[in-house]
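K.L.:
Have a look at this fold, sequence not included:
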């Protein structure tokens, strides 16, 4: 399978699972790594060539391969965790497989680092916007 075929397989998997294409977010993180930490960028590029591409060409779940790559990119900028946020707005630590309509974020421990959107639903849901009863609404007393 060629790199083009692996890319097509990933693109189809995103569409079949109702996910937006996450590659732009990953590319942005790679650009940041290239300037902020060239050694980390080199590790990410090597990992893509030796691990991601062959696994995308294999029989496994391309979405989970891509999520693991996102975790790796996130961890190259510092420790953190993958958090899955479901359609109701509830958050939990990610465990495969990724449920439908789930936003997946790599949230770094260092608050100075940016969150990485590892997976985004193609049509994000609107989580209920409820306020706790004790919280006054803006403009009321």
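P.N.:
Cool, got the structure. In this text, all values refer to a predicted model and were calculated from it rather than measured experimentally.
K.L.:
Is the residue nearest to the spatial centre of the chain in a helix, a strand, or coil?
P.N.:
Among the residues of the chain, residue 118 comes closest to the average C-alpha position under C-alpha atoms, centre = their mean, at 0.6 Å. Secondary structure assignment for residue 118 (DSSP: H, G, I helix; E, B strand; the rest coil): strand.
K.L.:
these two touch, right, it and residue 20?
P.N.:
No: with contact defined as C-beta atoms under 8 Å, residue 118 does not reach residue 20; the gap is 11.2 Å. The C-beta positions use only the backbone N, C-alpha and C, and glycine is treated the same way.
K.L.:
circling back: with adjacent residues omitted, what lies nearest to the residue nearest to the centre of the chain?
P.N.:
residue 70 (3.6 Å; C-beta to C-beta, 6 or more residues apart in numbering).
K.L.:
That neighbour in helix, strand or coil?
P.N.:
helix.
K.L.:
Just give the number of residues close to it.
P.N.:
22 (other C-beta atoms under 10 Å).
K.L.:
Residue numbering should commence at 4 henceforth.
P.N.:
Shifting the count to begin at 4 puts that one at residue 73.
K.L.:
Mind pulling up the pLDDT for it?
P.N.:
You'll see residue 73 listed with a pLDDT of 97.
K.L.:
residue contacts, it?
P.N.:
Residue 73 makes contacts with 25, 28, 29, 85, 107, 109, 119, 121, 122, as judged by C-beta atoms under 8 Å, 6 or more residues apart in numbering.
K.L.:
Now, of these, which are buried?
P.N.:
25, 28, 29, 85, 107, 109, 119, 121, 122 (16 or more other C-beta atoms under 10 Å).
K.L.:
all helices for the chain, in order.
P.N.:
Counting by DSSP state H, the chain has helices at residues 6-19, 26-39, 41-50, 56-60, 65-79.
K.L.:
what's the closest of the contacts of residue 73 to residue 39?
P.N.:
Distance to residue 39, by C-beta to C-beta, is smallest for residue 119 among the contacts of residue 73, at 13.7 Å.
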